[in-house]
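A.B. asks: sequence and predicted structure below; questions after.
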Amino acid sequence: MARLEGKVAYISGGARGQGEAEARLFVSEGARVAIGDVLDAEGEALAKELGDDVLYIHHDVTSEDEWSAAISATTEEFGRLDVLVNNAGIFRVGPMAMTSVDEYMAVIKVNQLGVFLGMKTAAPALAAAGGGSIVNISSIAGLQGSAMTISYSSSKWAVRGMTKVAAMELAPLGIRVNSIHPGIIDTPMLEGFRAFGDDFMERLTAAIPLGRVAGPDDVAKLALYLASDDSAYSTGGEFVVDGGMTAGGSARR
């Protein structure tokens, strides 16, 4: 069943990792998709592979002008916008006392400001289409404390809060807004953890009750549900995909 038939989606950070998985799945479910990223070679290759239903747009999510240009390009190409996935994000690891203001703000600008600008810019186009869905990618670091991730956790808690504000404000326009909170996902972003060595990764995996690191498709399937009409009565919600990490103590020892 084509769960996104007739819908148009914009996915930020769509050139690789979770964004790429979301783009592939959305297209397979009938959507036309615009993907934005600063990784031009990867983004252009993905769009070419997926065909005429996919448009690649160079897009720095920290720029309001580039957000406006990206949404305009999407609606000009496909005629409407029904879904926004705020997926773009960066990850930095380090102790709070050794994190500079510049390092902190670099993460905040991409992960937090980028989401704000995305919702602000896309809302009129979504409303013009009669409503739609915004899916904000947060993290389990936006649900609980996580040492060594002061900038990342700050940004992901902010995404969680902004999602609820936007859900309240945009509901009268028929726009639903929800957040996804992934746990440990096997994407290039995971390299920040791998830098601590194999033993750290083994201990990290052992803390996951389901006993495995997730793949980007695990997140993409949840994004598909929230993008589709199957979640028509869900807004302002937090949807966790973490293998049970935030459920309580680990079931594995």
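C.D. replies: Done, it's in. Residues are numbered from 1 along each chain as shown.
A.B. asks: can you give me the helices in the stretch 51-200 of the chain?
C.D. replies: Chain-ordered helices for the stretch 51-200 of the chain, with DSSP state H, counting those that start in this stretch as the definition, fall at 64-78, 101-108, 114-128, 150-170, 191-194, 198-206.
A.B. asks: and those: which comes nearest Ala15?
C.D. replies: The minimum distance between Ala15 and the helices of the stretch 51-200 of the chain falls on helix 64-78, with 13.3 Å, by CB to CB. Using the backbone N, CA and C atoms, a C-beta is placed for each residue, glycine as well.
A.B. asks: neighbours around Arg92, how many?
C.D. replies: Residues contacting Arg92 under the criterion other CB atoms under 10 Å number 17.
A.B. asks: just to check, it is in contact with Glu103?
C.D. replies: Yes. In this structure, Arg92 is within contact of Glu103 by CB atoms under 8 Å, at 6.3 Å.
A.B. asks: can you pull the residues that touch both of these two?
C.D. replies: Residues touching both Arg92 and Glu103 (CB atoms under 8 Å, 6 or more residues apart in numbering): Ser151.
A.B. asks: residue nearest the middle of this protein, spatially speaking?
C.D. replies: Centroid check for the chain by CA atoms, centre = their mean gives Asn87 as the closest residue, at 2.4 Å.
A.B. asks: how close does that residue get to Leu117?
C.D. replies: For Asn87, the distance to Leu117 (CB to CB, to the nearest Å) stands at 14 Å.
A.B. asks: so where's the protein shaky on pLDDT?
C.D. replies: Low-confidence segments of the chain, defined by pLDDT under 70, are located at 1, 190, 192-196, 249-253.
A.B. asks: kindly recompute the last result at 80.
C.D. replies: Scanning the chain for pLDDT under 80 picks out the ranges 1, 188-198, 200-201, 204, 249-253.
A.B. asks: for it, longest strand please?
C.D. replies: In the chain, assigned by DSSP state E, the strand with the most residues is strand 175-182.
A.B. asks: run the angle between it and helix 150-170 for me.
C.D. replies: Using axes from the mean of the first three to the mean of the last three CA atoms, to 10 degrees, the interaxial angle of strand 175-182 with respect to helix 150-170 works out to 160 degrees.
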